[in-house]
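>>> test case, fold it:
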Amino acid sequence: RLVGVPEDAITIVNARLSERNSDYADFLYKRLQRQGYLRRDVQRLVNNDRNVFSACMVKLGDADGIVTGTTRSYDAALRDVKLVLDAAPDQRVIGMSIALAKNRTLFIADTNVTEFPDSDALADIAIEAAAAAKGFGFTPRVAFLSYSTFGNPAGERSQKLQEAVDALDKLGVDFEYEGEMNVDVALDPSHRFLYPFSRLSGPANVLVMPAIHSASIATKLLRVGGGATVIGPMLLGFELPVQIARLGASVSEITTLAALAAYDPEKHEVGVMGE
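Model prediction:
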């Protein structure tokens, strides 16, 4: 029982008893029948998997958003949701964390979805993260991070980042971006003395990581070793609001994700959190 919340303020839906159960199974069977699923397979998913059931609720208009996780791995929850929901048109599903540290707010992506993004995926990640940063009231300055800075030392991974910058050049996006560069260069406002050709007008605040492992390590170091407050990872790019909490997430973290699910930062400006 929730203290201070009237009993009739919350509706609890049992998947096995829902009157919409058959409708959800019909929808999911039509979606998955050419991907190796039988009718009884999708009925079992709707009956027994709370993530699939809740995603069907959202897809068919019986709920406004999903907050899940805490009891199963992030990847497992994400796979469940993807059985039902797609990315929004012309968008990519990514994970993004917000780090609040030393009077600085950093948006870090992709933290949870694409393990080794290619150049096109990196460009998409930058676009999604920049849009979210705008939604939070910031002027995005995107840095593609690497072990190298502007080709020194050269390497296969740094080349993909350079190609992502070229891809954004061709798209003509409306935010600042630069790379590839080391994180200390990206965050140091004096880097323009060494690299006067840099297109960033100030320190980067949107950091596009070369891979999930670097993003995960960086955000956890900031939280545990750097004393930063880390919000998320939050999911961006789904056609409908979805947020997945980490295993063992606190009540505060779950509440924050619920607020993000209720108010999409990619579509609304939610106010400046502080530069």
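
>>> name the residues that touch stretch 75-90?
28, 31-32, 45, 49, 51-52, 55-56, 58-59, 66, 68-69, 93, 112-113, 235, 237-240, 242, 244 (Cβ atoms under 8 Å, 6 or more residues apart in numbering). The way it works is simple: take the backbone N, C-alpha and C, and place the C-beta from them, glycine included.

>>> now do the contacts for L194.
Applying Cβ under 8 Å, 6+ apart, the residues near L194 are V185.

>>> scratch that, A63 is what I was asking about
Contacts of A63 (Cβ under 8 Å, 6+ apart): S54, M57.

>>> now do the one 10 residues further on
Contact analysis of S73 by Cβ under 8 Å, 6+ apart lists L247.

>>> can you tell me how far it sits from L83?
16 Å (Cβ to Cβ, to the nearest Å).

>>> so what's the residue nearest to S214 when sequence neighbours are not counted bridging to?
Counting by Cβ to Cβ, 6 or more residues apart in numbering, S214 lies nearest to L145, which is 7.4 Å off, once chain neighbours are set aside. Counting by DSSP bridges, L145 forms beta bridges with M181.

>>> isn't L145 right next to V206, touching?
No - using Cβ atoms under 8 Å, L145 is not in contact with V206; the gap is 10.3 Å.

>>> more neighbours: these two, which one.
The neighbour count for L145 versus V206, taken as other Cβ atoms under 10 Å, is higher for V206 (30 against 24).

>>> any idea how far K59 is from the residue nearest to S214?
Distance from L145 to K59, by Cβ to Cβ: 35 Å.

>>> cool, and P210?
Taking Cβ to Cβ, one finds P210 at 33 Å from K59.

>>> what's the helix or strand for M57?
helix 50-59 (DSSP states H and E).

>>> and the contacts of that helix?
Contacts for helix 50-59 (Cβ under 8 Å, 6+ apart): 13, 15, 18, 20, 24, 27-28, 45-47, 63-66, 68, 77, 80-81, 83-85, 240-242.

>>> so how far is that helix off the chain centroid?
Computed by Cα atoms, centre = their mean, to the nearest Å, the chain-centroid distance of helix 50-59 equals 19 Å.

>>> G202 should be in a helix, yeah?
No - G202: not assigned to a helix; according to DSSP: H, G, I helix; E, B strand; the rest coil it is coil.

>>> count the neighbours of the residue nearest to it when sequence neighbours are not counted for me.
Nearest residue to G202, sequence neighbours excluded (Cβ to Cβ, 6+ apart): P189, at 5.7 Å. Look at P189: counted by other Cβ under 10 Å, it has 11 neighbours.
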